[in-house]
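Visitor: Using only what follows, build the 3D model:
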Amino acid sequence: MSTMLIKVPYLQVFEQHHQTAARYYPLGVGYISAYMKSQGHDVSLYDPEIQGLSDEVMLDRIANEKPKLIGLSSATPSFSRAMRMATAIRRVSDAVIVYGGVHASTFPEKVLEHNPQLDVTVVGEGEVTMTELATLVERGSHTSRTLSGASGELGAVRGLCFRDGATVRKTLPRPLFDDVDALPFPDRESLDMDLYRATGHIGVSSRVANLISSRGCPARCTFCESFLTMGYRFREHSTEYVMREVRLLKERYGVEQLVFNDDTFTMNRDRAKAICRALIRERLDLQWFCFARVNCGRDTELMELMREAGCIHINLGVETGDPDVLKSIKKGTTLNLARTTFKKCRELGIKTSAGFIFGFPTDTPDTMERTIEFAIELDPDVAFFNVLVPFPGTEVWKDFPALHGREHDPTFWDGFKTASAGGLPIIELPNVSREELKRMVIRANRRFYLRPRFLWRQLTRIRSGYELKANAIGAYELVSRNLRNLLLEV
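Guide: Alright, predicted model coming up:
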């Protein structure tokens with residue numbers, strides 16, 4: 001194989017709580033693999049953690065396949081894992097090693113400067129950049145040792161950083177992929193789709209597939225890092241494209257549940273309605289989940305179409321119960337919009353999960369208490385209470401200078417995970433300590449989840465044996481994670 005793409009293992013981020021973590025097909029490297037293949041490149045795709053392939057097995061495969069180009073992709077909390085993997089690969093291969101993803105897009109130069117095992121970092125969307133890089137490497141029969149001699153050619157490839165002797169050079173930005181309908185569907189044939197499953201609180205079937213119907217989000221939320229790879233410009237697949245992929249998932253893989261991983265499925269409400277009408281018209285008998293903003297409840301027609309089309313669960317980012325904090329994070333929503341949407345979902349029988357964050361720069365103990373009260377008022381089916389993780393590259397990162405200066409240390413990023421993933425606070429506020437933020441999460445979980453009304457509703461809304469099992473695992477994880485602390489807070 002001339003190119004090997006590897007999704008860096010990530011479940012270790014959840015530590016002992018990994019049982020309820022989602023196991024989703026890796027869309028990022030899946031799209032890159034499919035695009036490269038469509039352009040004539042020979043590509044192998046691996047998701048070793050989900051495939052049950054140890055590091056030793058992967059190193060053996062690299063030694064046997066002898067790829068010329070190896071691409072690694074990871075999120076920020078898995079950065080140190082990616083660098084350890086790259087170091088191990090370098091011991092057995094002289095292939096050009098590339099690192100991509102949101103962390104590479106945030107610190108492309110620094111990642112290269114402090115990690116000599118890497119040759120290139122990719123910034124932004126990777127389909128075209130990796131294809132052009134693979135063409136360059138294959139045409140020149142380059143290895144890691146000879147790549148620096150091709151600095152002139154590398155400089156013409158947009159969207160990457162590379163070594164030019166002792167210096168690191170960054171090329172011109174790669175324009176966003178405009179005609180997203182021209183992209184082939186992700187390379188699902190290279191991986192066993194039976195290995196993937198939805199996260200516990202939304203799973204209703206073992207036959208699940210995730211997909212995206214759009215790229216980019218025009219919202220300017222101060223804490224979100226999605227724009228670093230996908231940009232702010234909303235680029236949507238046509239209804240026809242989406243339905244071709246949905247039919248493929250149903251017919252080839254027997255999928256019964258879809259997970260739309262778009263940042264905001266309802267960003268263009270007319271398009272969302274068109275997709276819903278197509279799902280209704282084709283009677284594919286699919287249930288699905290999506291992410292949306294809390295303003296979607298204003299459009300009754302949209303919500304009713306979503307329910308009729310099979311939408312059973314929506315994740316809504318509420319973030320805070322304080323109106324002033326909400327304005328400060330540039331969410332572009334209001335508390336009343338949230339009230340309207342959660343009420344509409346209850347009326348239609350659509351389950352909801354809601355995200356709440358403690359520790360925004362303008363938060364105080366009082367504003368965070370209001371957030372807990374608001375969560376109880378909205379009464380979603382699932383509530384996630386987390387302490388702010390100020391990811392680098394986001395606006396809110398600038399508000400925590402105490403975190404700056406250690407970007408070069410891969411292990412520093414291990415702590416950049418949410419409380420839902422078992423993370424401890426990495427920030428503190430002038431008037432709120434890390435310990436107080438941790439206790440705020442504990443108190444929120446206790447007050448929200450230990451309500452008889454909530455527990456009874458969860459039991460009566462289970463729709464299938466699979467959902468019962470998924471909810472049981474989720475409940476076990478929540479209790480095992482928080483029982484001692486919950487009791488201490490009573």
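Visitor: Distance of residue 72 relative to residue 443?
Guide: Between residue 72 and residue 443 the distance, using C-beta to C-beta, to the nearest Å, works out to 39 Å. (Glycine included, C-beta is placed from N, CA and C.)
Visitor: Tell me which of those two has more neighbours.
Guide: Neighbour comparison, residue 72 and residue 443: the larger count goes to residue 72, with 24 against 17 (by other C-beta atoms under 10 Å).
Visitor: got the contact list for that one?
Guide: Residues touching residue 72, when contacts are defined by C-beta atoms under 8 Å, 6 or more residues apart in numbering, comprise 6, 8, 82, 85, 86, 97, 98, 99, 100.
Visitor: How many neighbouring residues does the third one have?
Guide: Spelled out, that is residue 82. Other residues within reach of residue 82 by the criterion other C-beta under 10 Å amount to 29.
Visitor: pLDDT at it, what is it?
Guide: The confidence metric pLDDT takes the value 96 at residue 82.
Visitor: can you check the fifth one too?
Guide: Reported pLDDT at residue 86 in the predicted model: 97.
Visitor: so what's it up against?
Guide: Contacts for residue 86 were tallied using C-beta under 8 Å, 6+ apart; they are 72, 97, 99, 115, 117, 118.
Visitor: Spell out which helix or strand contains it, please.
Guide: Under the assignment given by DSSP states H and E, the secondary-structure element containing residue 86 is helix 79-92.
Visitor: Now the element after that helix, going C-ward?
Guide: Toward the C-terminus from helix 79-92 - assigned by DSSP H and E - lies strand 96-100.
Visitor: doesn't residue 372 make contact with residue 443?
Guide: Yes - if you go by C-beta atoms under 8 Å, residue 443 and residue 372 touch, sitting 6.9 Å apart.
Visitor: and stretch 234-246, what's its mean pLDDT?
Guide: If you average the pLDDT over stretch 234-246, you get 98.
Visitor: And that stretch, what's buried?
Guide: Of all the residues in stretch 234-246, those buried under the rule 16 or more other C-beta atoms under 10 Å are 234, 236, 237, 239, 241, 242, 243, 245, 246.
Visitor: now the stretch 201-350 of the chain, which segments are flagged as low pLDDT?
Guide: Within the stretch 201-350 of the chain, not a single segment meets pLDDT under 70.
Visitor: Show me the strands in it, by range?
Guide: Under the criterion DSSP state E, counting those that start in this stretch, the stretch 201-350 of the chain carries strands at the ranges 208-211, 214-215, 235-236, 257-260, 287-292, 311-319.
Visitor: now the ones you listed in JSON lines, with distance to residue 414?
Guide: Rendered in JSON lines, the data for the strands of the stretch 201-350 of the chain read as follows (distance: least, C-beta to C-beta, whole Å):
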{"stretch": "strand 208-211", "distance to residue 414": "25"}
{"stretch": "strand 214-215", "distance to residue 414": "29"}
{"stretch": "strand 235-236", "distance to residue 414": "33"}
{"stretch": "strand 257-260", "distance to residue 414": "27"}
{"stretch": "strand 287-292", "distance to residue 414": "26"}
{"stretch": "strand 311-319", "distance to residue 414": "25"}
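Visitor: which stretch among those comes nearest residue 395?
Guide: When these are ranked by distance to residue 395, counting by C-beta to C-beta, first place goes to strand 311-319 at 14.1 Å.
Visitor: Identify the residues contacting that closest one?
Guide: Outside strand 311-319, the residues that touch it by C-beta under 8 Å, 6+ apart are 202, 204, 221, 276, 287-294, 296, 306, 325-326, 329, 331, 338, 341-342, 345, 350-357, 360, 374-375, 378, 380-381, 463.
Visitor: Mark which of those residues are buried, thanks.
Guide: Buried by 16+ other C-beta under 10 Å: 202, 204, 221, 276, 287-294, 296, 306, 325-326, 329, 331, 338, 341-342, 345, 350-357, 360, 374-375, 378, 380-381, out of the contacts of strand 311-319.
Visitor: can you tell me which of those are in helices?
Guide: Cross-referencing the buried ones among the contacts of strand 311-319 against helices under DSSP state H gives 276, 306, 325, 326, 338, 341, 342, 345, 374, 375, 378.
Visitor: and the two most separated of these?
Guide: For those, the farthest-apart pair by C-beta to C-beta is 276 and 325; their separation is 33.2 Å.
Visitor: is it true that residue 6 touches residue 46?
Guide: Yes - applying C-beta under 8 Å, one finds residue 6 in contact with residue 46, separated by 4.9 Å.
Visitor: More neighbours: those two, which one.
Guide: The residue with more neighbours, out of residue 6 and residue 46, is residue 6; 26 against 21, by other C-beta under 10 Å.
Visitor: Just confirm the more buried one is within a helix.
Guide: No - with DSSP: H, G, I helix; E, B strand; the rest coil as the criterion, residue 6 is assigned strand and is not in a helix.
Visitor: so the helix holding residue 86 versus strand 96-100, what angle?
Guide: Taking axes from the mean of the first three to the mean of the last three C-alpha atoms, to 10 degrees, helix 79-92 and strand 96-100 form an angle of 170 degrees between their directions.
Visitor: Show me which residues of helix 79-92 are buried.
Guide: Of the residues in helix 79-92, those buried by neighbour count under the rule 16+ other C-beta under 10 Å are 79, 80, 81, 82, 83, 85, 86, 88, 89, 90.
Visitor: how far is that helix from where the chain is centred?
Guide: Taking C-alpha atoms, centre = their mean, to the nearest Å, one finds the center of helix 79-92 at 22 Å from the center of the full chain.
Visitor: How about stretch 69-78?
Guide: Centre to centre, stretch against its chain (C-alpha atoms, centre = their mean), the figure for stretch 69-78 is 13 Å.
Visitor: Stretch 51-69 too?
Guide: Between the centre of stretch 51-69 and the centre of its chain there are 25 Å (C-alpha atoms, centre = their mean).
Visitor: What average pLDDT does it get?
Guide: Stretch 51-69 carries an average pLDDT of 96.
Visitor: Now that stretch - C-alpha only, PDB.
Guide: Written as PDB, here are the backbone C-alpha positions of stretch 51-69 (Å, rounded to 0.1, in the frame of the first residue of the first chain):
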ATOM      1  CA  GLN A  51     -10.500  -3.400  15.200                       C
ATOM      2  CA  GLY A  52      -8.700  -4.800  18.200                       C
ATOM      3  CA  LEU A  53      -5.300  -4.300  16.700                       C
ATOM      4  CA  SER A  54      -2.500  -3.700  19.200                       C
ATOM      5  CA  ASP A  55       0.400  -1.400  18.600                       C
ATOM      6  CA  GLU A  56       2.600  -4.400  17.900                       C
ATOM      7  CA  VAL A  57       0.300  -5.700  15.300                       C
ATOM      8  CA  MET A  58       0.000  -2.300  13.600                       C
ATOM      9  CA  LEU A  59       3.800  -2.000  13.600                       C
ATOM     10  CA  ASP A  60       4.000  -5.500  12.000                       C
ATOM     11  CA  ARG A  61       1.500  -4.400   9.300                       C
ATOM     12  CA  ILE A  62       3.500  -1.200   8.600                       C
ATOM     13  CA  ALA A  63       6.700  -3.200   8.300                       C
ATOM     14  CA  ASN A  64       5.000  -5.700   5.900                       C
ATOM     15  CA  GLU A  65       3.000  -3.200   3.800                       C
ATOM     16  CA  LYS A  66       5.800  -0.700   3.600                       C
ATOM     17  CA  PRO A  67       3.600   2.400   2.900                       C
ATOM     18  CA  LYS A  68       5.300   5.400   1.600                       C
ATOM     19  CA  LEU A  69       3.000   7.800   3.400                       C
END
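Visitor: Flag every buried residue along it.
Guide: Of the residues in stretch 51-69, those buried under the neighbour-count criterion (16+ other C-beta under 10 Å) are 53, 58, 59, 61, 62, 67, 68, 69.
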